[in-house]
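K.L.:
pasted the sequence and its predicted model underneath.
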Amino acid sequence: MIVTTESENIYEYRIMRALRRVIRAVHIHSKKLNSEYGLTTPQLLCLHTLAESNRMTLTDLARTANLGISTANGIIDRLETKKYLTRTRCAEDHRKVYLEITPAGREIVSKAPSLLQYKLSASLAQLPEAEQTTIAESLERVVKLMEAEKLDVSANLFTGEHSYSR
């Protein structure tokens, strides 16, 4: 039998409550994005990535967003159906296909709210480095306590994205 003091229970409660708030914030943001704009967060992430580079291959998009090729391809299929991007075959090498954001895609990117990780990244950047280190180490410790170190994830709050800073 493990005996815990009242103060340990308070910390456990605070930690669990804070984690639940983070999870809830991500869920609310995703739900709002989907209901108001008809997009999932991974779709908006891909549109943001395309908007910043104008034209790229599926492989480049998947690498930049840290997505698997098949995952990115499914997202691109849905965005193409919504007319937010086009696929254009390269004239010199017909195996290469370029993705380009359409005016409708640019419009939805400009209207949609910022990706949640952009807000968090900007806020974290305002903190002193020592505080950023403390937060990173504490969260990494939580991951270890949850035995979740081997889960395949990215720096993104929703999907695999490596370029989360704007």
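P.N.:
That came through, no problem.
K.L.:
show me what the lengthiest helix in the chain is packed up against.
P.N.:
Ranked by residue count and defined by DSSP state H, the top helix of the chain is helix 6-37. Other elements packing on helix 6-37 under the criterion 3 or more Cβ pairs under 8 Å, 6 or more residues apart in numbering; DSSP states H and E are helix 41-53, helix 116-125. In short, each C-beta sits where N, CA and C put it, glycine included.
K.L.:
I'd like the next helix or strand past the first one.
P.N.:
Per DSSP states H and E, helix 41-53 leads on to strand 55-57 as the next helix or strand towards the C-terminus.
K.L.:
name the residues that touch the next helix or strand after that following strand?
P.N.:
Counting by DSSP H and E, the next helix or strand C-terminal to strand 55-57 is helix 58-64. With Cβ atoms under 8 Å, 6 or more residues apart in numbering as the contact definition, helix 58-64 has outside contacts at 46, 49-50, 53, 56, 67-69, 71-73, 76, 97, 99, 161-163.
K.L.:
hmm, 7 Å instead?
P.N.:
Contact with helix 58-64 is made by 46, 49-50, 68-69, 72-73, 76, 97, 99, 162-163, as judged by Cβ atoms under 7 Å, 6 or more residues apart in numbering.
K.L.:
just the buried ones from these?
P.N.:
Neighbour-count burial (16 or more other Cβ atoms under 10 Å) applied to the contacts of helix 58-64 gives 46, 49-50, 72, 76, 99, 163.
K.L.:
would you mind measuring from residue 80 to residue 99?
P.N.:
Note on residue 80: its distance to residue 99, by Cβ to Cβ, to the nearest Å, is 9 Å.
K.L.:
do the same with residue 115
P.N.:
Using Cβ to Cβ, residue 115 is found at 19 Å from residue 99.
K.L.:
try residue 68
P.N.:
Taking Cβ to Cβ, one finds residue 68 at 16 Å from residue 99.
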